[in-house]
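Trainee: Starting from these lines, generate the structure:
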Amino acid sequence: MPDPEADAEAREWLRFADDDLVLARGGMTRRQIFRPRQVCFNAQQAAEKAIKALLVAEQITFGFTHDLEQLAQLLPPPRGSTAAVTDLAWLGQWATATRYPGGVEPDWAQAQRSVEIAATVVAATRASLDGT
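Mentor: Prediction:
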C-alpha cells in the first residue's frame, strides 16, 4: 500500500526535477546568456532528482551520490525500468565535469542530448508516480 507521506515527498523531488529541467531547456533557447555546461549540469540534476523521487516513493534509502546508474540500480521493477535509460552514465558525467574551471566543456549538441535524456527520465518518473 502506498505511503501518502512518501508519495508527497516524492512529488516534491519531482517538482525540483521539473525546475531543473525548465532551467536546462531555457538555457537551450537563450544561448547568448547560458553556456552548454550550465544546460548539461541542470539536465543531469533534473534526472538525478527524478530518480531520487522514485527512490523516495519506494522508501529506499540512498546515499549522497550523483551517480545516476547507481541510483537507478537501487530501484525495483517496474520502477527500475522507468529510470533504465541507456545514457544515464553519459548524462551523469555532467554532475561534476562542468562545475569548475579545467573540466570538460560540452558543446550545444551535447547540451541538447542532455536535455533529451533528462526529459525522458522526468517524464517516465511522472508516469510511474501517477501509475500510468
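Trainee: need the helices for the chain, in chain order.
Mentor: Secondary structure of the chain (DSSP state H): helices at 4-29, 36-57, 68-73, 79-82, 88-92, 108-130.
Trainee: which residues of this protein score low on pLDDT?
Mentor: Low-confidence segments of the chain (pLDDT under 70): 1-2, 78-86, 132.
Trainee: if you set the cut-off to 80 instead, what comes out?
Mentor: Scanning the chain with the threshold set as pLDDT under 80 gives 1-2, 77-86, 132.
Trainee: Could you measure from the residue lying closest to residue 108 once chain neighbours are set aside over to residue 112?
Mentor: Once flanking residues are discounted, residue 108 sits nearest to residue 36: 5.3 Å by CB to CB, 6 or more residues apart in numbering. For every residue, glycine as well, the C-beta is placed using N, CA and C. When distance is defined by CB to CB, to the nearest Å, residue 36 is 9 Å away from residue 112.
Trainee: ditto for residue 123
Mentor: If you measure residue 123 against residue 112 using CB to CB, the figure is 16 Å.
Trainee: thinking again about what came up before, counting neighbours around each, name which of residue 36 and residue 112 comes out higher.
Mentor: For residue 36 and residue 112, the more surrounded residue by other CB atoms under 10 Å is residue 36, and the numbers stand at 21 against 17.
Trainee: and the more buried one, what does it touch?
Mentor: The contact partners of residue 36, taken as CB atoms under 8 Å, 6 or more residues apart in numbering, are 27, 105, 106, 107, 108, 110, 111.
Trainee: Adding neighbour count and distance to residue 98, write those residues out as JSON lines.
Mentor: Output for these, formatted as JSON lines (neighbours: other CB atoms under 10 Å; distance: CB to CB, whole Å):
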{"residue": "27", "neighbour count": "24", "distance to residue 98": "12"}
{"residue": "105", "neighbour count": "13", "distance to residue 98": "7"}
{"residue": "106", "neighbour count": "22", "distance to residue 98": "7"}
{"residue": "107", "neighbour count": "11", "distance to residue 98": "12"}
{"residue": "108", "neighbour count": "13", "distance to residue 98": "13"}
{"residue": "110", "neighbour count": "21", "distance to residue 98": "10"}
{"residue": "111", "neighbour count": "25", "distance to residue 98": "10"}
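Trainee: Residue 64: which of those is nearest?
Mentor: Lowest distance from residue 64 to the contacts of residue 36 (CB to CB) belongs to residue 106, with 24.3 Å.
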